[in-house]
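>>> Take this sequence and fold it.
(chains A and B)
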Amino acid sequence: MTVISTTTDPVALNLTVVAEFAASPERVWAVWENPRQLERWWGPPTYPATFTRHDFEVGGESRYYMTGPEGDTPHGWWRMYMIDEPRHLEFANGLAGDDGEPVPGVEPMAAHVTFEPIDSGTRMTTESTFVDEAQMEKMLAMGMSEGMTQAVSQIEGLLTSEGA
Amino acid sequence: MDLVFRALADTTRRDIFQRVIGDGLSVSSLADDYEMSFAAVQKHVSVLERAALVTKERHGREQIVHGNLSTLRRAAALLDAFEEIWIGRATKIAEILGEKGSAT
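Numbering: from 1, shown residues only, chains lettered A, B, ... in the order given. Below you'll find the model as predicted:
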């Protein structure tokens, strides 16, 4: 199994996913650095991503959009805060408007990624930290089909009524 | 959600939150259990209330505090959705790495 553990902390709004790959850290690093490889896995299956810019250096920014099943194209951006090849990556990931530029006033989420050599290849740990629920909902709405958004809100509805 | 985090960063407030889940407790009975003034306990309850972690309900002269688990559950449900996204991403990365000629 690729993903070996996941941890969610609803108080800190933090998610950690640990995955292991049968490839060297340098090779796993390349799927982040190379925009043509990155766009093959960043978007959800129904929303493939296209990176129009990927300045993979500290302070560098990326711009991307995803193409949905109904032709909708939500845009997003990254800003790189730390690049320590092939060990550690830190960046912000936020929502962009139709012009592809960051939406003012909408905080980005923070991502920390580490790549650790292990006997079988690489252990990659991704840690995502969110600001608030509204931000999470906006980011989820991007890259989700109508049906999936409905499914999530239905689940939330159930949870809310259960907790009331 | 920052409010939730700050509200639960305090030991007394975490304790209050845990105790009012279920039947709820009045502010005065909560105050009896802590070595602090009624006003101090009331202040802690207000912080929890602002973070939507508790609700207050008036019962005659008493104010009953109820824990609101849905606030935390909602955050948990949203995190679960992102968890799914990352599991999908990791699975796809494994596929890309497994392709012939993918070695660099």
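>>> What strand or helix carries the residue in chain B that chain A sits nearest to?
Among the residues of chain B, B:Ser70 lies nearest to chain A; the distance is 3.2 Å by CB to the nearest CB. Just so you know, the C-beta spots here come from the backbone N, C-alpha and C atoms, and that holds for glycine as well. Of the helices and strands defined by DSSP states H and E, B:Ser70 is found in helix B:69-98.
>>> how much space between the nearest residue to B:Ser26 once chain neighbours are set aside and B:Ala39?
Among residues not flanking B:Ser26 along the chain, B:Glu62 sits closest, at 4.4 Å (CB to CB, 6 or more residues apart in numbering or on different chains). Here B:Glu62 is placed at a distance of 16 Å from B:Ala39 (CB to CB, to the nearest Å).
>>> out of the two, which sits in the busier spot?
With other CB atoms under 10 Å in any protein chain shown as the criterion, B:Glu62 and B:Ala39 differ in neighbour count, and B:Glu62 comes out ahead with 13 against 8.
>>> What is the neighbour count of residue 92?
Just so you know, I chose chain A. Counted with other CB under 10 Å, A:Ala92 comes out at 16.
>>> I was thinking of chain B, sorry if that wasn't clear
B:Lys92 is surrounded by 18 other residues when neighbours are defined as other CB under 10 Å.
>>> And B:Arg58, by the same measure?
Each residue near B:Arg58 was counted by other CB under 10 Å, and the total is 8.
>>> Centre of the chain to the helix or strand of chain B with the lowest mean pLDDT, how far?
Comparing helices and strands within chain B by mean pLDDT, DSSP states H and E singles out helix B:2-8 as the least confident, with a mean of 72. Chain-centre distance of helix B:2-8: 8 Å, with CA atoms, centre = their mean, to the nearest Å.
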